[in-house]
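In: Sequence first, predicted model second:
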Amino acid sequence: MADAAATPEIEFAQVTKVIEGKTILADVSLQVARGERVALIGPSGAGKTTLLRMVAGVLWPSVGRVRVLGTETGAVHGRSLCQLRKQVGFLYQSDNLVPGLRVAHNVLMGRLGKWSLWRAFWSLLFPREVERAAASLQRVELQDRLWALPGELSGGEQQRVAIARLLLQEPKILLADEPVSSLDIRLGREIVRLLLGLAKERQSTLLVSLHTLELLGEGFDRVVALQQGRIVWQGPPAALTRDLLQQVYGAEYRTLQLDALPLAGRTA
Ligand SMILES: Nc1ncnc2c1ncn2[C@@H]1O[C@H](COP(=O)(O)OP(=O)(O)OP(=O)(O)O)[C@@H](O)[C@H]1O
Ligand SMILES: [Mg+2]
C-alpha cells in the first residue's frame, strides 16, 4: 500500500474543463499535500473558482482526473459523493450566511454537512448544541454574538461566523474563494490569518483564491498562478517577482495591492 503521508490530498492529473464549448481549465496538473496552505492567484476569468469547485466535487473534469482525499470525484455518485463533499468546507466571498437566521442557527448548520433549517432550529432545544455553537464562535472571537442576525454584523464578522460554521463541519480540506474581496485590507488580513492559523492547528489542507496579493506573505506555503485556465507558475510567495506578476495579470496588474509585498524586479 502507498504511504498515506506521501499521497496528495488533492491531485489534478492533466485536467481540462470545457463548458459550453469554452475551455475553462487546460491541462492542469497539481498536487497538494495534507496540511499544505496554498494561494491561488490569477486575473479575473483565469479559472480559480472553477478549479476550487472541482476540488469541492461540484464540477468534474472533461478530460483527466481529479482525486480528492483518495477519491476520484468523477467516479463517485450519490452517498459516496455526499461523503466526500462533507469533508470539504467551502467559504465564499460573501453571502455565506442565511440572512433570516440567528448566528447560532447559521453556525449549527455546519453540523453534519447539510442540515435542514428545521434541524438547525430544533438543535437549539439542546443546550449541548448551543454550547457547540458558542465554542466554535469563541474560536473566531464572536461568542457574544450568538443571538445576532447576520445583518447586524459587519462584513468581517459575517466572514468569521461563516468560518465558525466551517469549523463545526470539521472538514479535512478548507477552500475559500476570494474570502476577503469584500473587506478592507485590515479585516482581510485578519480573516486570512485566521484561516491560515486554523488550518495549521488542525493540519487541514487550505486552498484560497486571492486578489489581494499583499496577503500572500501571511504564511502561505505555496502560490499557484493561473492564466487563461493554465497553471503558469507555482512556488513559494517569496519567489514571486514583479515581472512575473505583470506577465500573469497583464492589464489588471495596476489594480493589485502590492505595497507590502517584498517583490524583486522592475517597478511598474
Ligand atoms: N458555467 C459556466 N458557463 C460558461 N462559462 C463559464 C462558466 N463558469 C465559468 N465560466 C467561464 O470560465 C472562465 C473562468 O471562470 P472562473 O469563475 O473560474 O474564473 P476566476 O479566475 O474565478 O475569475 P474571478 O477572479 O473573476 O472570480 C471565465 O471566462 C468564465 O466566464
Ligand atoms: Mg472566481
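Out: Thanks, I have it. Ligands and ions are numbered 1, 2, ... in the order given.

In: which residues does whichever residue of the chain sits closest to ligand 2 contact?
Out: Ligand 2 sits closest to Thr49 of the chain, with a gap of 3.2 Å, by C-beta to the ion. (Each C-beta comes from the backbone N, C-alpha and C, glycine too.) Listed by C-beta atoms under 8 Å, 6 or more residues apart in numbering, the contact partners of Thr49 are 177, 209.

In: Check which helix or strand it maps to.
Out: Assigned by DSSP states H and E, Thr49 belongs to helix 48-55.

In: ok so, going back, which pLDDT value belongs to the residue of the chain closest to ligand 2?
Out: At Thr49, the pLDDT value in this model is 97.

In: Over to the one 4 residues further on?
Out: As summarised for this prediction, Arg53 has a pLDDT of 97.

In: Could you list the paired strands of the next helix or strand after the helix holding Thr49 along with their orientation?
Out: Using DSSP H and E, the helix or strand that follows helix 48-55 in sequence is strand 63-68. In the sheet, strand 63-68 lines up against strand 10-19 (antiparallel), strand 71-72 (antiparallel) (DSSP bridges).

In: Could you break this protein into its assigned domains?
Out: 1-87+172-268, 97-170 (automatic domain parsing).

In: rank those domains by pLDDT, which is bottom?
Out: Mean pLDDT across those is lowest at domain 97-170; the value there is a mean of 84.

In: Now do it: distance from first to last residue.
Out: 18 Å (C-alpha to C-alpha, to the nearest Å).

In: quick one on the thing from earlier: could you dump the strands paired with strand 63-68 into JSON lines and include distance to ligand 1 and mean neighbour count?
Out: Below are those laid out as JSON lines (distance: least, C-beta to the nearest ligand atom, whole Å; neighbours: other C-beta atoms under 10 Å):
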{"stretch": "strand 10-19", "distance to ligand 1": "4", "mean neighbour count": "18"}
{"stretch": "strand 71-72", "distance to ligand 1": "21", "mean neighbour count": "16"}
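
In: With distance to Ala133 as new columns, can those strands be given to me in TSV?
Out: Shown next, in TSV, are those (distance: least, C-beta to C-beta, whole Å):
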stretch	distance to Ala133
strand 10-19	29
strand 71-72	30
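
In: Switch those strands over to TSV; also include distance to ligand 2.
Out: Compiled in TSV, these are given as follows (distance: least, C-beta to the ion, whole Å):
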stretch	distance to ligand 2
strand 10-19	14
strand 71-72	24
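
In: what's the closest of these to Ala199?
Out: strand 10-19 (13.4 Å; C-beta to C-beta).

In: Can I get that closest one in CSV? Just the C-alpha atoms.
Out: Extracted C-alpha coordinates of strand 10-19, given in CSV (Å, rounded to 0.1, in the frame of the first residue of the first chain):
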residue,chain,number,x,y,z
ILE,A,10,-5.7,17.0,-3.8
GLU,A,11,-4.5,15.8,-7.1
PHE,A,12,-5.3,17.1,-10.6
ALA,A,13,-3.9,15.0,-13.4
GLN,A,14,-3.9,16.7,-16.8
VAL,A,15,-7.3,18.2,-16.2
THR,A,16,-9.2,20.1,-18.9
LYS,A,17,-12.6,21.5,-18.3
VAL,A,18,-14.8,22.6,-21.2
ILE,A,19,-18.1,24.3,-20.5
